[in-house]
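Asker: output the structure for:
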Amino acid sequence: METESQIRARLAELEAEHRALDSAIGVMHEQSSPDLFAIQRLKKRKLQLKDSIQRLRSRLIPDLNA
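Answerer: Next up is the predicted model:
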């Protein structure tokens, strides 16, 4: 089982990747002829990251029934 510090470190990594993808998508949209397929792939990855981030955040919330 991961420790809280390991979870927080992984969370920080995923959040950084999420922000980087957001920036990359913004840059691609500004191009004169954006690669819509590539943008779609990046958006899908961004959603996967968002789900992973939410799962990790929920693991950091203490179980009140314990």
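
Asker: now this protein, which segments are flagged as low pLDDT?
Answerer: Scanning the chain for pLDDT under 70 picks out the ranges 65-66.

Asker: ok, longest helix in it?
Answerer: The residue-count maximum for a helix in the chain (DSSP state H) belongs to helix 4-30.

Asker: what packs against it?
Answerer: Helix 4-30 sits against helix 36-60, with contacts defined as 3 or more Cβ pairs under 8 Å, 6 or more residues apart in numbering; DSSP states H and E. The way it works is simple: take the backbone N, C-alpha and C, and place the C-beta from them, glycine included.

Asker: what comes up buried for the longest helix of the chain?
Answerer: For helix 4-30, burial by neighbour count (16 or more other Cβ atoms under 10 Å) applies to 7, 11, 14-15, 18, 21, 25.

Asker: a markdown table for these, including distance to residue 55?
Answerer: As requested, those are arranged in a markdown table below (distance: Cβ to Cβ, whole Å):
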| residue | distance to residue 55 |
| --- | --- |
| 7 | 10 |
| 11 | 10 |
| 14 | 10 |
| 15 | 13 |
| 18 | 13 |
| 21 | 18 |
| 25 | 22 |
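
Asker: nearest to residue 46 among the residues you listed?
Answerer: Of all the buried residues of helix 4-30, residue 46 sits closest to residue 21, with 4.6 Å by Cβ to Cβ.

Asker: closest to residue 57 among the buried residues of helix 4-30?
Answerer: Among those, and counting by Cβ to Cβ, the member closest to residue 57 is residue 11, at 6.8 Å.

Asker: show me what contacts the closest residue to residue 34 other than its chain neighbours?
Answerer: In this structure, residue 34 finds its nearest non-sequential neighbour in residue 28, 5.0 Å apart by Cβ to Cβ, 6 or more residues apart in numbering. Residues near residue 28 by Cβ atoms under 8 Å, 6 or more residues apart in numbering: 34-35, 38-39, 42.
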